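S.K.: Attaching a predicted model along with its sequence, questions to come.
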Amino acid sequence: MNVDPAADWTKVGLVVYDSQVPVGATPEYLAGHYMIQGLNSLLPVMALAPQPGDRVLDMCSAPGGKTSHIAALMKNSGVLFANDANFTRCRAIIGNLHRLGVNNTVVCNLGGEEFSKIRPNGFDRILLDAPCSGTGVIWKDQSVKTSKDSQDVQRRHTMQRQLILSALDSLDANSPNGGYLVYSTCSVLVEENEAVVNFLLERRHCELVPTGLSIGVDGYTRFRDYRFHPSLSMTKRYYPHVHNIDGFYVAKIKKLSNAKMSKQGVMEKEKEKAAQKSQNKKNKAEAEASESSDDEEEKKNGVEVNGQKKPAKKQQQKKQKADGDDSDDDNNAPMKNIGSGARANKKRRNQKKAAEKQAAVKEDDGFNTVGNVKRAKKPTQFKSKVPKRAAARTGAKSVKNRRKKMLAKQQ
């Protein structure tokens, strides 16, 4: 084989340029001396930095490349849980771990949401390489462009939020050298990366910490209409045309409290809301005071025309505004079946429902959100339009009976 060191930032990776034999069929591979995987798969394990003796969970581990790397860094000590929701893919994990001689690992087949119920606050470190749309590998797998539908990103986004909440709830914040969660995807979409991590920061008492990786582009703190927490600049993004690896994303999170949302965090948010409310009231009072002073001056300086004192412009504008408010009240009246007012009222009600729905999603903890999932259509049932009595008269048995009666009469 013609190989070279993979990069300056790793000492364990090699790049194979060409080989006279299949790389996965050599005696050394079958003996467990090396593992085949993408170079980007080394990054989340390096950010996790597991220590010997830790309790570590790899939540979505198939086919086992990152799991074997974690076991090597742990020196086959401690306990490592390798989980995957797909039972068929779990067989690949078992095969690779047997071949590589890993004996500190428990392979399990569970949904990621179950770990927060089974072992709450039970792990020192967790690696979540979440299922994603795979947009980071389009450069080598063109089928990614055509194999996704319009709702696929929304479904993945919903699943990723549930998994990251469950992963953080499974961590032990009081661990002496742990309490870290590494979230990674092979996607370059903001909805699957920064938006998911920002959702976690709003729902749980945690903070982002430096990943410890020497390469990568800083994550977004603002992107188009999105506005994220400033600490998201500590996350890392990777692009094929910049770093010569698959598109990737890595974030490292430190859990600060075993409570789902600490009292301190709730109090701080309430204080911020109260401060904002008081500031708004103050601004409103100042605006009203300035407006009233202007009105008094205009009353004094009213214009006289033909011996009569006309109201000032400000008063006229106020009157027009009041008239406008009355017309708005008319629009808010119950919907009528005629005229354009019905359409306006219907649009107003739909906007109100949409705002209430958005508020409910913000208050949700992430586990009850299902996203826009396509539901299977109910099969159409055949309904006969023929009355029951008419159908009975045309039945085979009734026809046979009538024929017997007619024959009996003829005889």
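M.R.: Yep, it's here. Because the structure is predicted, anything quoted here is derived from the model rather than measured. Numbers count the residues shown, from 1 in each chain.
S.K.: Residue 73: neighbour count?
M.R.: 16 (other C-beta atoms under 10 Å). Placement of C-beta: from N, CA and C, glycine included.
S.K.: Please determine how far it is located from residue 209.
M.R.: Using C-beta to C-beta, to the nearest Å, residue 73 is found at 18 Å from residue 209.
S.K.: Helices of this structure, start to end?
M.R.: 27-30, 42-48, 65-73, 87-100, 115-118, 152-170, 194-203, 240-243, 263-300, 313-331, 340-363, 388-393, 396-410 (DSSP state H).
S.K.: Dump these into a markdown table; add mean pLDDT and distance to residue 124 as well.
M.R.: Shown next, in a markdown table, are the helices of the chain (pLDDT from 0 to 100; distance: least, C-beta to C-beta, whole Å):
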| stretch | mean pLDDT | distance to residue 124 |
| --- | --- | --- |
| helix 27-30 | 93 | 31 |
| helix 42-48 | 95 | 10 |
| helix 65-73 | 95 | 12 |
| helix 87-100 | 94 | 20 |
| helix 115-118 | 87 | 14 |
| helix 152-170 | 93 | 11 |
| helix 194-203 | 93 | 19 |
| helix 240-243 | 92 | 30 |
| helix 263-300 | 68 | 23 |
| helix 313-331 | 51 | 60 |
| helix 340-363 | 81 | 32 |
| helix 388-393 | 62 | 71 |
| helix 396-410 | 81 | 75 |
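S.K.: Any chance of a markdown table for those, columns distance to residue 131?
M.R.: Below are the helices of the chain laid out as a markdown table (distance: least, C-beta to C-beta, whole Å):
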| stretch | distance to residue 131 |
| --- | --- |
| helix 27-30 | 27 |
| helix 42-48 | 14 |
| helix 65-73 | 14 |
| helix 87-100 | 11 |
| helix 115-118 | 16 |
| helix 152-170 | 7 |
| helix 194-203 | 12 |
| helix 240-243 | 20 |
| helix 263-300 | 29 |
| helix 313-331 | 48 |
| helix 340-363 | 22 |
| helix 388-393 | 53 |
| helix 396-410 | 57 |
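S.K.: what's the closest of the ones you listed to residue 215?
M.R.: helix 240-243 (6.2 Å; C-beta to C-beta).
S.K.: in that closest one, what counts as buried?
M.R.: 240, 243 (16 or more other C-beta atoms under 10 Å).
S.K.: Now do it: everything it contacts.
M.R.: Helix 240-243 has contacts (C-beta atoms under 8 Å, 6 or more residues apart in numbering) with 136, 139, 215-217, 246-247.
S.K.: Closest to residue 192 out of those residues?
M.R.: Closest approach to residue 192 among these (C-beta to C-beta): residue 136, at 9.9 Å.
S.K.: Tell me if I'm right that the closest one and residue 188 touch.
M.R.: Yes: at 5.3 Å, residue 136 counts as touching residue 188 under the criterion of C-beta atoms under 8 Å.
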